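Participant: Make a model of this:
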Amino acid sequence: MNRWGFPGDVGAIDCTHVAILKPKADEHNFLNRNNFHSINTQIICDSDLKIRNIFASYGGATHDSSIWNQSAIKEFMQGVHANGERSWLIGDSGYPLSPFLMIPVREAEEDSPESRFNQAYARARNCIEICIGLLKIRFRCILKEITATPDFAVKLKKSLCNTA
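Facilitator: All right, here's what the predicted structure looks like:
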């Protein structure tokens, strides 16, 4: 709230692809839209770029919204909302709008209140883009150019959760 002016905002959410070697089983589940094998990893960070949650359980062919729908954080946010707390995550238009997950206004007319909202929203949501970029700079092994096995990707996820 203090930084971006969005009351109740608890963090930003997005997914990123962690490159892996071609798996021997169920290869089609790991081949993403960019034609490389990956784990599609959901990350939530706060405005200080601190990673608050990582969910790395689905192959690269899985859409961000499907990962969100299967995540424990969605259930947690539903419970918080059911208890009357009005807080939410901010995500991109690939996520479904809900009382606890805000997305930009689709097809906002130029110079409209919706357009101004989207501009402010993009500035606030930019923290997740920066966070993922810094993560990939620090841990070069998760970039497409340097691949990891699925086991290594899971170990990396666990180590990030323990240090976040």
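Participant: which ones are touching residue 66?
Facilitator: Going by C-beta atoms under 8 Å, 6 or more residues apart in numbering, residue 66 touches residue 58. Bear in mind the C-beta positions are built from the backbone N, C-alpha and C, glycine included.
Participant: Now do it against residue 43, distance only.
Facilitator: To residue 43, residue 66 is 16 Å away according to C-beta to C-beta, to the nearest Å.
Participant: With residue 82 instead?
Facilitator: Taking C-beta to C-beta as the measure, residue 82 falls 25 Å from residue 43.
Participant: More neighbours: which of these two?
Facilitator: Comparing residue 82 with residue 43 by other C-beta atoms under 10 Å, the one with more neighbours is residue 43, at 23 against 10.
Participant: contacting residues for the more buried one?
Facilitator: By C-beta under 8 Å, 6+ apart, residue 43 lies in contact with 13, 14, 15, 16, 51, 53, 54, 128, 131, 132, 135.
Participant: Please repeat the previous calculation with a cut-off of 10 Å.
Facilitator: Contact partners of residue 43, counting by C-beta atoms under 10 Å, 6 or more residues apart in numbering, are 11-16, 51-56, 128, 131-132, 135, 157, 160, 164.
Participant: does it belong to a helix or a strand, and which?
Facilitator: strand 38-45 (DSSP states H and E).
Participant: from the chain's centre, how far out does that strand sit?
Facilitator: Here the centre of strand 38-45 is set off from its chain's centre by 5 Å, with C-alpha atoms, centre = their mean, to the nearest Å.
Participant: of the contacts of residue 43, buried ones?
Facilitator: Burial by neighbour count, 16 or more other C-beta atoms under 10 Å: within those this picks out 11-16, 51-56, 128, 131-132, 135, 157, 160.
Participant: Can you give me the neighbour number for residue 88?
Facilitator: Residues near residue 88, counting by other C-beta under 10 Å, number 22.
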